[in-house]
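>>> With the input below, show me the fold.
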Amino acid sequence: MWTSLRHLNIGNCFGIEDEGLEHLTDLVALTHLDVSTDYNIRDLTCMMITDEGMKHVEKLTALRHLSLAGCRLIGSEGFRRLRSCANLEHLNLDEFGALPDACMQCVGMLSCLTTLSLYDCRLDSGLCHISALKSLRHLNLGLCGQVTNGGLDILEGLEALRHLSLFCCTQVSDEGLRYVGMCGKLEYLNISSVGRITDEGMRHVLKLRSLTSLDLSESLDVTDRGLDEISGLVSLQDLNLKRAGISDRTLERLGNLEGLRRLNLSCLSNITDGGLVQLARLTALKELNLEYCELVSADGEAYLRECLPCL
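Model prediction:
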């Protein structure tokens, strides 16, 4: 009856354990499967899925999208079974906990992967295996605190990469951004709350002329000097500069980004009404955040709303 089913989401479902996954093996047309669990909900028995359960998943050879987020009891043997799902394109391993080298080696063999999410995972040297994924377009390493500058050398070979998140990778600094700058096709980059980036590191970021979205929030050491060339990012539509170390000088540069639609300037203590005047040229702007900008007055905001009725 259900053999033609293509999408199945049983994430966070109570009572599903390894033996329950056996019932999935008849779903030969299944392309999307979500068995993820919120690891913070301690009593979910979905967390009991182990390597044993993966022997049923490996029979789903039509799978394209698989989410195992939070399934921390799956080990290297379970990952080896993933190799049977050779057509996998999207793999979500968010909040997986430790992902040792043996597990990542198996991930690196999934040559059709275009999207890999490793948000809040503990990675060791196994990160190097990602370099084999030549079709990868989306990579999420957010909150991966063990990723270092040296580990980002994997980016050199990922020529198809379009989306990259290094959110809160606290060991990444300017040196790591050198590798980010080699990803010439990047359209989305999140380097919010990384270890420490400065104007020096921004030289590499501003080479990425295909960027449409850039998140630099919490980059306190990025100043006006580091963003002097930001007007060269002519495709930029979404920019987050919350709590960066900038002033009106940068706002003058932003006034040249005619395609900008969303701009976050919250928590900037050095921008004034005079700087806002420069933003009046951004006729495509639809969202502007000026919260906690102490030197911006109600009159300054009113002037912008008058100039930009779409806000």
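
>>> From now on I want contacts and neighbour counts done on CA atoms only, so please keep to that.
OK.

>>> Which helix or strand contains Gln278?
helix 273-279 (DSSP states H and E).

>>> Quick one: mean pLDDT for the very next helix or strand once past that helix?
Per DSSP H and E, the first helix or strand lying C-terminal to helix 273-279 is strand 287-289. Strand 287-289 shows a mean pLDDT of 98 in the predicted model.

>>> coming back round to it: now the helix holding Gln278: buried residues?
Going by neighbour count (16 or more other CA atoms under 10 Å), the buried part of helix 273-279 is 273, 275-279.

>>> same thing with stretch 162-180?
Quick answer for stretch 162-180 (16+ other CA under 10 Å): 162-180.

>>> from these, which ones fall inside strands?
Using DSSP state E, the subset of the buried residues of stretch 162-180 located in strands is 163-165.

>>> Nearest to His32 among these?
Using CA to CA, His163 comes nearest to His32 of those, at 21.3 Å.

>>> Quick check, pLDDT for the closest residue to Gly195 other than its chain neighbours.
Excluding its sequence neighbours, the residue lying closest to Gly195 (CA to CA, 6 or more residues apart in numbering) is Thr170, at 3.8 Å. pLDDT for Thr170: 96.

>>> Please report phi then psi for Thr170.
phi -70, psi -10 (degrees, to the nearest 10).

>>> That one: what's it in contact with?
Residues in contact with Thr170 (CA atoms under 8 Å, 6 or more residues apart in numbering) are 143, 145-146, 193-196.

>>> now the helices: where do they sit in the stretch 101-250 of the chain?
Ranges of helices within the stretch 101-250 of the chain are 101-107, 174-180, 199-205, 248-254, based on DSSP state H, counting those that start in this stretch.

>>> Which secondary structure elements does the first one sit against?
The reference is to helix 101-107. When contacts are defined as 3 or more CA pairs under 8 Å, 6 or more residues apart in numbering; DSSP states H and E, helix 101-107 packs onto helix 76-81.

>>> contact partners of the next helix or strand after the helix it packs on?
Per DSSP H and E, the first helix or strand lying C-terminal to helix 76-81 is strand 90-92. For strand 90-92, the external contacting residues (CA under 8 Å, 6+ apart) are 64-69, 113-118.

>>> what's the spacing between the helix or strand just after strand 90-92 and its chain's center?
Proceeding N to C from strand 90-92, the next assigned helix or strand is strand 97-99, under DSSP H and E. Averaging C-alpha positions (CA atoms, centre = their mean, to the nearest Å) puts strand 97-99 18 Å from its chain's average.

>>> now swap in stretch 18-32 and tell me
29 Å.

>>> Start the count at 377 instead of 1 going forward.
Sure thing, new numbering starts at 377, so read that last one as stretch 394-408.

>>> what sits up against that stretch?
By CA under 8 Å, 6+ apart, stretch 394-408 touches 378-385, 424-426, 428-430, 432-433, 435-442.

>>> Out of those residues, list just those in strands.
Judged by DSSP E, the subset of those located in strands is 383-385, 441-442.

>>> which one of these is nearest Leu630?
His441 (38.5 Å).

>>> burial count for that closest one?
Residues lying near His441 (other CA atoms under 10 Å) number 20.

>>> can you pull the pLDDT of it?
pLDDT, His441: 99.

>>> residue contacts, it?
407-409, 464-467.

>>> Now do the domain split for this protein, please.
The record's domain parsing of the chain by automatic domain parsing lists 383-609, 610-687.

>>> ok, residues contacting the longest helix anywhere in the chain?
Taking DSSP state H as the criterion, the chain has its longest helix at helix 674-683. The contact list for helix 674-683 (CA under 8 Å, 6+ apart) reads 649, 652-653, 655-656, 687.

>>> Tell me if I'm right that Glu670 and Ser645 touch.
Yes: Glu670 lies in contact with Ser645 (CA atoms under 8 Å); the separation is 5.7 Å.

>>> and these two? which has more neighbours close in?
A count of neighbours by other CA under 10 Å puts Ser645 above the other of Glu670 and Ser645, at 17 against 14.

>>> And His441, how close does it get to Leu464?
6 Å (CA to CA, to the nearest Å).

>>> let me fix that: Ala474
22 Å.
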